[in-house]
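Undergrad: What follows is a predicted structure for the sequence shown.
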Amino acid sequence: MSNRRNATSGTLGSRRTAEQQAQHREIMPIFVGLLLVLFVAMMSNTIVGTTLPVIIGDLGGTQMQYTWIATAMLLASTISAPIIGKLADLLDKKKLLMWAIVVFTAGSLLSGAVADTGQLIAARVVQGLGMGGLMSMVQIVIASIIPPRERGRYSGYMGAAMAVATVSGPLIGGLIVDVPWLGWRWTFWIGVPFALAAMAVLHRLLRIPPAPRRAVHIDYWGATLITLSVTSLLLWLSFAGTQFPWGSWQTAVMVGGGVLAALAFVLVEVRVREPLVPMWLLAQRTTALAVVSSFAVGIAMMSMPIFLGQYFQLGRGYSPTESGLMLAPMMLGVFVASTVAGRLVSARGTWKRYVVGGMILLTGGAALMVTTDADTPVWLVGTFMLLFGLGQGASMQNIVLAVQNTVGLANMGAATSVVTFFRTLGGAIGVQVLGAVFANHVSGLIARRAVDAGLTNGVDDVSTSSVDFDVLPAALEEIVRGAYADGMSVVFLGQAVFALVGTLAVLGMRGSTLRDTVDLAKQEEVRTVLEEGASEQEALTVATEVAQRDAAERAQEAGEAADRPAPGEPEVGGDGDNAREHART
């Protein structure tokens, strides 16, 4: 009997492996297209990290505009992500994905054709609308065609692509800026051909199972209120302390308006038929804590490359290309951790240990970066960045996967977009808040050091707006560079504090086993049979039928040729091992 069971198990395992390999071959062209467009979208945000000093100098911008060129895109993507994510539960996912690519491409073309910083900020808003849609839709599409258990390794690839795009953007931007016949405008145009190529591939190959038919009710009030709330608070963070005092009537209006809009948003979401952000999702322990940790990861992921660009260029005197190369350790850490953690999650079917370990590394890397200044050896800074990258890679996408594992297909868009929204919101707030703190801190350092050196002429202009060292005397340039390098510690300290909060949040999350079906409802059938007192063999039979039906339905709905297995043949379809795992759990 034992030998027969082992032989049957081996047959099931081999058939399952063969089916997985066939499915992998079918998915990979689509997956590569999704990764390509996601990579381009993510890179478009950080590619300006090393080029912003050049762009600001060429267009005559200010330090406040410096941060807003990055924040405008993050703000727009923050707003669009939950809206597009919810629409994905109601409308055609493929059409929404195509729409996001078109908007992003249009914003990229406009960004490279601007004449001043005001126009660039506006164009970046358009880019951000497309970026937010892409960040949500790519993850939603993957969740619609791949079960969570198998999704682990794909999520690892996706996390690696997102994080490498975030970190490698400054390097690519530096290389483009340093090529005389290209210039900074190509940092926005470089991704357009790749986005169009990905769009062509996805248009031809992508087939997504249709969502259950139901009436479409768009939450216009919710979309309006969340836009007003986020915009008001970010504008306040940008202007307070520079355009008006922190304790002023403008502060009261902006903060009060933002808070009231947020409260009104919650009231609307509780009552509306199809809420933009279902409040029951945030009431779940896993989702609520994932939101906190995603917020922290967003701050680290978005702000670190941008401020490191200033640290290496303005503080240490490296060129844009050299500044981008300095980020290689972080890029390596992100790539390795995302890929390895993704494969381990799929192999073992659990995610928590990798997320917790990643957040600890992320916190430790940011804390060590606090010790950096103008004299820190570059190899030591690289070591700190490597730890930071390893933590980011292991945690980022697995947090999303943990939330997706708790909801059914009908709410996959809303759940995914909630996590994406707070991650992007964390990035937008982090860049703006840390940028404001950094600007004030650097201004103070420059003023004090200039007075100590007996250099006061022109200091006010330098400390508030100018980042063009060509017009500064040598003595004053040395003071300004030293202030930018030494003052960066306040940014890293802020990142470390937020990362610690995120670590505490993931420690409080309940670990779970990743399911083998795309839709949660099918998994519940097996649990119901077990709760009713069925034997292991009966549960195994039900689990086999559920796994086979799920695979057949996905293939049929996607327009692929797939035959439903005959009753009484649990081996057919290659999901016998999955079924046995369902029965035992």
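TA: Happy to help now that I have it.

Undergrad: Report how many residues lie close to W181.
TA: W181 has 5 neighbouring residues, counting by other CB atoms under 10 Å. No exception for glycine: its C-beta is placed from N, CA and C like everyone else's.

Undergrad: is it true that it lies in a strand?
TA: No. Assignment of W181 by DSSP: H, G, I helix; E, B strand; the rest coil gives coil, placing it outside any strand.

Undergrad: What's the per-residue pLDDT of it here?
TA: Here the pLDDT value assigned to W181 is 80.

Undergrad: and it, what are its phi and psi?
TA: With angles defined as degrees, to the nearest 10, W181 sits at phi -90, psi 0.

Undergrad: tell me the contacts of it?
TA: Under the criterion of CB atoms under 8 Å, 6 or more residues apart in numbering, W181 has no contact partners.

Undergrad: do the same with I399
TA: I399 neighbours (CB under 8 Å, 6+ apart): A290, S293, S294, V297, V355, V419, V506.

Undergrad: didn't the fifth one look like it was pressed against A402?
TA: Which is V355. Yes. Counting by CB atoms under 8 Å, A402 is a contact partner of V355 at 7.0 Å.

Undergrad: Need the residues touching each of the two.
TA: With CB under 8 Å, 6+ apart, V355 and A402 have common neighbours M509.

Undergrad: For burial, what's the neighbour tally of R449?
TA: So R449, with other CB under 10 Å, has 18 neighbours.

Undergrad: so where does it fall, helix or strand?
TA: Per DSSP states H and E: R449 is located in helix 412-453.

Undergrad: and that helix, how far out from the chain's middle?
TA: 17 Å (CA atoms, centre = their mean, to the nearest Å).

Undergrad: For the helix or strand hosting G132, which helices and strands make contact with it?
TA: Secondary structure assigned from DSSP H and E places G132 in helix 117-145. Applying 3 or more CB pairs under 8 Å, 6 or more residues apart in numbering; DSSP states H and E, one finds that helix 117-145 contacts helix 2-46, helix 52-59, helix 63-88, helix 93-111, helix 148-178, helix 378-404, helix 412-453.

Undergrad: Can I get the shortest one in CSV? Just the C-alpha atoms.
TA: Backbone C-alpha positions of helix 52-59 (Å, rounded to 0.1, in the frame of the first residue of the first chain) are rendered in CSV as follows:
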residue,chain,number,x,y,z
LEU,A,52,17.1,67.2,-10.8
PRO,A,53,20.1,69.4,-10.0
VAL,A,54,20.7,69.7,-13.7
ILE,A,55,17.0,70.3,-14.6
ILE,A,56,16.6,72.9,-11.8
GLY,A,57,19.7,74.7,-12.9
ASP,A,58,18.7,74.7,-16.6
LEU,A,59,15.1,75.8,-16.0
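
Undergrad: That one - contacts with which helices or strands?
TA: Under the contact definition 3+ CB pairs under 8 Å, 6+ apart, helix 52-59 sits against helix 63-88, helix 117-145, helix 285-310.

Undergrad: how about 7 Å then?
TA: Using 3 or more CB pairs under 7 Å, 6 or more residues apart in numbering; DSSP states H and E as the contact definition, the elements that helix 52-59 packs against are helix 63-88.

Undergrad: Around G508, how many other residues sit close by?
TA: Other residues lying near G508 total 12 when counted by other CB under 10 Å.

Undergrad: With I56 instead?
TA: Neighbours around I56, by other CB under 10 Å: 22.

Undergrad: For A76, see how far away it is.
TA: From I56 across to A76, the span is 20 Å (CB to CB, to the nearest Å).

Undergrad: Could you check the pLDDT of M331?
TA: For M331, the model assigns a pLDDT of 81.

Undergrad: what's the answer for P29, then?
TA: P29 is assigned a pLDDT of 79 by the prediction.

Undergrad: Contacts only, for it.
TA: With contact taken as CB atoms under 7 Å, 6 or more residues apart in numbering, P29 is in contact with V201, L205.

Undergrad: What distance do you get for it to P473?
TA: For P29 relative to P473 (CB to CB), the value is 58 Å.

Undergrad: and V114, that's in a helix?
TA: No. V114 is assigned coil when assessed by three-state DSSP, not a helix.

Undergrad: count of neighbours near it?
TA: 18.

Undergrad: Under a three-state scheme, what state does the closest residue to F438 other than its chain neighbours occupy?
TA: Using CB to CB, 6 or more residues apart in numbering and skipping residues adjacent in sequence, the residue nearest F438 is V491, 5.2 Å away. Three-state call for V491 (three-state DSSP): helix.

Undergrad: now V491: how far from V433?
TA: 10 Å.

Undergrad: now swap in I208 and tell me
TA: In terms of CB to CB, I208 sits 38 Å off from V433.

Undergrad: For G324, list the residues it contacts.
TA: By CB under 7 Å, 6+ apart, G324 lies in contact with T50, P170, L171, I172, G173, G174, L175.

Undergrad: Tell me the one of those nearest V114?
TA: Nearest to V114 among those is G173, at 16.1 Å by CB to CB.

Undergrad: so that closest one makes contact with P53?
TA: No. G173 is beyond contact range of P53, at 10.7 Å (criterion: CB atoms under 7 Å).

Undergrad: Give me the more crowded residue out of the two.
TA: When neighbours are counted by other CB under 10 Å, G173 and P53 differ, and G173 comes out ahead with 32 against 22.

Undergrad: So which of the contacts of I399 is the closest to M137?
TA: Nearest to M137 out of these is V419 (CB to CB; 13.9 Å).

Undergrad: wait, what's in contact with the closest one?
TA: Contacts of V419 by CB under 7 Å, 6+ apart are A290, V291, S294, I399, V400, V403.

Undergrad: Save those as a markdown table, and put in distance to R124 too.
TA: Shown next, in a markdown table, are the contacts of V419 (distance: CB to CB, whole Å):
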| residue | distance to R124 |
| --- | --- |
| A290 | 28 |
| V291 | 26 |
| S294 | 23 |
| I399 | 27 |
| V400 | 25 |
| V403 | 29 |
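
Undergrad: top of the residues you listed by neighbour count?
TA: A290 (32 neighbours).

Undergrad: how far away is that one from A505?
TA: 8 Å.

Undergrad: circling back: take the contacts of I399 and lay them out in TSV including distance to V164 and pLDDT.
TA: As requested, the contacts of I399 are exported to TSV (distance: CB to CB, whole Å; pLDDT from 0 to 100):
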residue	distance to V164	pLDDT
A290	23	87
S293	21	89
S294	19	87
V297	15	86
V355	19	87
V419	20	81
V506	22	89
